[in-house]
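Participant: What shape does this take:
(4 chains)
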Number of protein chains: 2
Amino acid sequence: MLSIIMASTIGHTHADNGSPDLTQRLRGAGLRPTRQRMSLGRILFSKGNRHVSAEALHEEAVLADVPVSLATVYNTLHQFTEAGLLRAVAVESSKTYFDTNTSDHHHFFIEEENRVVDVPASHISVTDLPEPPEGMEIARVDVIVRLRSKD
Amino acid sequence: MLSIIMASTIGHTHADNGSPDLTQRLRGAGLRPTRQRMSLGRILFSKGNRHVSAEALHEEAVLADVPVSLATVYNTLHQFTEAGLLRAVAVESSKTYFDTNTSDHHHFFIEEENRVVDVPASHISVTDLPEPPEGMEIARVDVIVRLRSKD
DNA sequence: ATTTGTGCAAATCGTTTGCATCTGA
DNA sequence: TCAGATGCAAACGATTTGCACAAAT
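Facilitator: Numbers count the residues shown, from 1 in each chain, chains lettered A, B, ... in the order given. Model (predicted):
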């Protein structure tokens, strides 16, 4: 009986349930490593570069037995983005995609499948950039290569 | 009295109320030159290159005493886009902007003002484009230069 | 006369917010 | 303890749709 109580207490507080690096990453970003953030972070960052929508991530989480609310998924994605752990990609005006690759790179967008893919690194050079209008500076240059299937 | 009746009848059917070229443009695109389409077309195409949202165009129309419904504005914008008279620009995932310049060119986006501006022609070269994945071809390359005001 | 377009209001979709409740430090 | 997180449901803004009515050919 005592053991049961102890186990449950331990399980809820200090169980070894995830990469310690993720904990650090969140802490470093000023985010408390909560259950949901850790779970979502694990889903996002443990499989190489990904491009997810809030909806998709929510489904994945639920399937992985991590019952988060959609609202929390949105909150988390935005917090991660502000913290520099994610990058938002604007491809078409409806869904927002979040990219786990925050380095400087560009994207393919496959319209038929509504899928975003990284352009292999070091490809694409944008040159001959115009002067920005007076008083403005360039914050970022986004290139979207829209693909369709060949006939 | 008779003249009033005639005037009103004529006004509703064959009055010379607009560029004949626009009529042809619509016809050529397989679109019947209706009052609303002509009015919206006139607003869109008579002032050089523009980047409008549905909402903004709707307001402009209403102010210009062309009472169209917002639904019709959306329908019209999409019909024009499919017909190649407009081009949809995806800058951020919320509003869609329609560009009256359908030629190959790129855009500035001023985040603070939510405004889209054409990049002066012939600027920006995108080189070293990657091979698209097997079975795919490049439909279009969009470059968005995001600007922020200098401090 | 027939086909096509239009207006309106309601429906939908992605996303955000308010607030009561829970949880991590 | 107690600031900060979370869940839920309701609010939201942009866009779409269904259907009765109106206009174009």
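
Participant: use CA for all of it now, contacts and neighbours both
Facilitator: Noted.

Participant: out of everything not next to it in sequence, what's closest to residue A:149?
Facilitator: residue B:136 (4.3 Å; C-alpha to C-alpha, 6 or more residues apart in numbering or on different chains).

Participant: Now do the phi/psi pair for the one you found.
Facilitator: Main-chain torsions, residue B:136, degrees, to the nearest 10: phi -110, psi 150.

Participant: For chain A, give me the ranges with low pLDDT.
Facilitator: Low-confidence segments of chain A, defined by pLDDT under 70, span residues A:1-20.

Participant: same thing but 50
Facilitator: Counting by pLDDT under 50, the ranges of chain A that qualify are A:1-18.

Participant: Chain A against DNA strand C: which residues are in contact?
Facilitator: By the rule C-alpha under 7 Å from any atom of the strand, the part of chain A lying against DNA strand C is A:12-13, A:32-35, A:53-55, A:70-71, A:74-75, A:94-96.

Participant: Tell me if residue A:148 really is in a helix.
Facilitator: No. The assignment for residue A:148 (DSSP: H, G, I helix; E, B strand; the rest coil) gives strand, which keeps it out of a helix.

Participant: Surely it and residue A:108 touch.
Facilitator: No. Using C-alpha atoms under 8 Å, residue A:148 is not in contact with residue A:108, being 10.2 Å away.

Participant: In terms of neighbours, single out the busier of those two.
Facilitator: A direct count of neighbours by other C-alpha atoms under 10 Å in any protein chain shown for residue A:148 and residue A:108 places residue A:108 higher, at 22 against 18.

Participant: Looking at chain A, which residue is nearest DNA strand D?
Facilitator: Among all residues of chain A, residue A:68 sits closest to DNA strand D, at 3.6 Å; criterion: C-alpha to the nearest atom of the strand.

Participant: who touches that residue in this structure?
Facilitator: Each residue near residue A:68 by C-alpha atoms under 8 Å, 6 or more residues apart in numbering or on different chains is listed here: A:36, A:58, A:61-62.

Participant: could you pull out the strands for chain A?
Facilitator: With DSSP state E, the ranges of strands along chain A come out as A:51-52, A:87-89, A:97-99, A:107-110, A:115-118, A:125-127, A:136-149.

Participant: Would you mind finding the most buried of those?
Facilitator: Most buried of those, by mean neighbour count (mean count of other C-alpha atoms under 10 Å in any protein chain shown): strand A:97-99, with a mean of 24.

Participant: which residue packs closest to residue A:27, ignoring adjacent ones?
Facilitator: Leaving aside its sequence neighbours, residue A:27 sits nearest to residue A:33 (C-alpha to C-alpha, 6+ apart; 6.7 Å).

Participant: Roughly how far does the closest residue to residue A:84 other than its chain neighbours sit from residue B:88?
Facilitator: Leaving aside its chain neighbours, residue A:84 sits nearest to residue A:102 (7.1 Å; criterion: C-alpha to C-alpha, 6+ apart). To residue B:88, residue A:102 is 27 Å away according to C-alpha to C-alpha, to the nearest Å.

Participant: out of the contacts of residue A:68, which is most surrounded?
Facilitator: Neighbour counts for the contacts of residue A:68, by other C-alpha under 10 Å, peak at residue A:58, which reaches 22 neighbours.

Participant: need the contact list for that one.
Facilitator: By C-alpha under 8 Å, 6+ apart, residue A:58 lies in contact with A:68-70, A:73.

Participant: quick one on the thing from earlier: and the residue nearest to residue A:27, how many neighbours?
Facilitator: Neighbours of residue A:33 under the rule other C-alpha under 10 Å: 16.

Participant: wait, it sits on residue A:21?
Facilitator: No. Judged on C-alpha under 8 Å, residue A:33 makes no contact with residue A:21 at a distance of 10.9 Å.

Participant: how near is the residue nearest to residue A:84 to residue A:83?
Facilitator: Here residue A:102 is placed at a distance of 11 Å from residue A:83 (C-alpha to C-alpha).

Participant: of all the residues in chain A, which ones are close to chain B?
Facilitator: Applying C-alpha under 8 Å from any C-alpha of the partner chain, one finds that chain A approaches chain B through A:90-96, A:119-120, A:123-130, A:132, A:135-150.

Participant: Recalculate using a threshold of 6 Å.
Facilitator: Residues of chain A lying near chain B by C-alpha under 6 Å from any C-alpha of the partner chain: A:90, A:92-94, A:96, A:123-130, A:135-150.

Participant: So stretch A:42-56, near DNA strand D or not?
Facilitator: No. With C-alpha under 7 Å from any atom of the strand as the criterion, DNA strand D is not reached by stretch A:42-56; the gap is at least 12.8 Å.
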